[in-house]
Structures are given as C-alpha cells and as structure tokens.
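Chemist: let me see the structure of the following:
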Amino acid sequence: MESTFVLTRCGDDLFCVAVDTPQDAQSLAAALREAGNWLEVVPGIASVVVRFDAIAQDGEEAGQKIAAVIESGIDGRDMPGELLEIPVVYGGEYGPDLEPLAEATGLSADELIARHTRDEYSVDMVGFTPGFAFVGGLDACFQVPRRAEPRQRVAAGSVGVADGRTGLYAMASPGGWNIIGRTPFKLFDPDIADPFALKAGMRVRFKAVDAGEFDV
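Modeler: Residues are numbered from 1 along each chain as shown. Presented below is the predicted three-dimensional model:
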C-alpha cells in the first residue's frame, strides 16, 4: 500500500505532515534534512513537524519545498537504524509491575520476559521527557493500559510497557507506564557530547540480566 502524506501549516513558522507509520515519519524526516536548511525537523509516531526560519524564508516557499520532497518519493527508503542491545533486570525492586502484569494477562513472569526479549524492535519516537524513547512492535500481551495512578517518580533506566509499546525512561520523572524492569545501561550520560543513547529509527533488542550485573 502506498504511503500517504498530508501537509498542513500549523503555525507562523511550522508545518506538520501527517504520515501513516513511524517508519514513514523517520524516512520523511531524513529526506527533509537532506533537502533543506530547516531550524528543526521532528519525527513523531504519526507526523513530522518542520520548523523554518520565518524571517529568512517565506511560508509559502517553505511549504512548496516540503511538498517537493514529499512528491519526489519517500516510499521504499531503507532506514536500517543502528542496533543497540539493552540489558534489563526484570521484576523485583527494578520491575514492580511485572508480577501484577503477569497476573492480569494470565501468563507467567518468565513468559512475559521471554516475549519481551525475543524480538528486535524499532524506536518509533523520542519525546514526553528528554530522551524518553517509545519503542514499538511488542507482542499482543503487552497491549495493556497505563497505570490508573501514575507514580510521582520513576527511576532513570526504567523499562515500562503500555499500549503495545515499551517506554524507556532516560531520566527520572513522573510516569504511568507499567514498570517491568530497569536497565543498568546509561540512556542519558551528561558527560558526553551526544548525551542521549536512543534516537528515532534505531533498532533495539532487550536482554535479561541478573541483578548482580546492575551497576549502582
């Protein structure tokens, strides 16, 4: 099926492009970055937001440039992102919602872990809080709602699931995802030039590790 892209002016210096899939968003964002000098290009799960310099560039001209990129053909662009293996300590103090989730789904905790670690996934988008990654493509057993009462603080490195996605907390923050584990891998390192480990389009695979490997 051919992808559809719907271009809309959404602000004095903003255009929004509605897309069909996160992969379409990432492909279009890459094409736009190659073709134009934009202030910002932000891919989401179902859209791409483009911010242009409204002083240096007329809005109509900016829109025409975006439309030209879309019309040039985005379908079929191969976007194989970097693969990152993320170790996770599942359950216990690191994943307090694993056992309740197992009870709710009728599966054992071990089966949930096996299903979470068996596949390779894609980072659909990064947002909500700095570095927070939305990872799509989970097994149907993870199609569960978020917690009725969000926690006031979720530790950095926490691995949550909800609505068929994994949410990775790069930084400590409030949150309502079901926390099934935590990674000792630094998702945010302020001491390096590019401090956030995950980017939209990257591929990830989760690996279960023992709590003894958690570097505290």
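Chemist: any weak-confidence spans in this protein?
Modeler: Applying pLDDT under 70 to the chain picks out residues 1, 75-81, 214-216.
Chemist: A helix includes residue 100, no?
Modeler: Yes: checked against DSSP: H, G, I helix; E, B strand; the rest coil, residue 100 lies within a helix.
Chemist: who touches it in this structure?
Modeler: residue 178 (Cβ atoms under 8 Å, 6 or more residues apart in numbering). (Glycine included, C-beta is placed from N, CA and C.)
Chemist: return the distance of it relative to residue 117.
Modeler: 19 Å (Cβ to Cβ, to the nearest Å).
Chemist: now residue 208
Modeler: 5 Å.
Chemist: what about stretch 160-167, distance to the chain center?
Modeler: How far stretch 160-167 lies from its chain's middle: 10 Å, per Cα atoms, centre = their mean, to the nearest Å.
Chemist: export it as CSV, just CAs?
Modeler: Extracted in CSV, the C-alpha atoms of stretch 160-167 (Å, rounded to 0.1, in the frame of the first residue of the first chain):
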residue,chain,number,x,y,z
GLY,A,160,7.8,0.3,31.1
VAL,A,161,5.1,-1.2,28.9
ALA,A,162,1.7,0.1,27.8
ASP,A,163,-0.5,0.1,24.7
GLY,A,164,1.8,-2.4,22.9
ARG,A,165,4.9,-0.3,23.3
THR,A,166,8.0,-0.1,25.6
GLY,A,167,8.8,3.2,27.2
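Chemist: who's in contact with that stretch?
Modeler: By Cβ under 8 Å, 6+ apart, stretch 160-167 touches 97, 101, 116, 121, 124, 128, 132-138, 140, 142-146, 154, 159, 168-169, 175-180, 206.
Chemist: what comes up buried for it?
Modeler: Buried residues in stretch 160-167, counted by 16 or more other Cβ atoms under 10 Å: 160-162, 165-167.
Chemist: what's the closest of the residues you listed to residue 90?
Modeler: residue 161 (11.1 Å; Cβ to Cβ).
Chemist: give me the domain ranges for the protein.
Modeler: 6-71, 83-213 (automatic domain parsing).
Chemist: quick one: residue 91 from residue 146, how far?
Modeler: Distance from residue 91 to residue 146, by Cβ to Cβ: 19 Å.
Chemist: more crowded one of these two?
Modeler: Neighbour totals were compared for residue 91 and residue 146, and residue 91 leads with 22 against 15 (other Cβ atoms under 10 Å).
Chemist: how about the contacts made by the more buried one?
Modeler: 98-99, 109, 113, 180-181.
Chemist: thanks a lot, see you next time.
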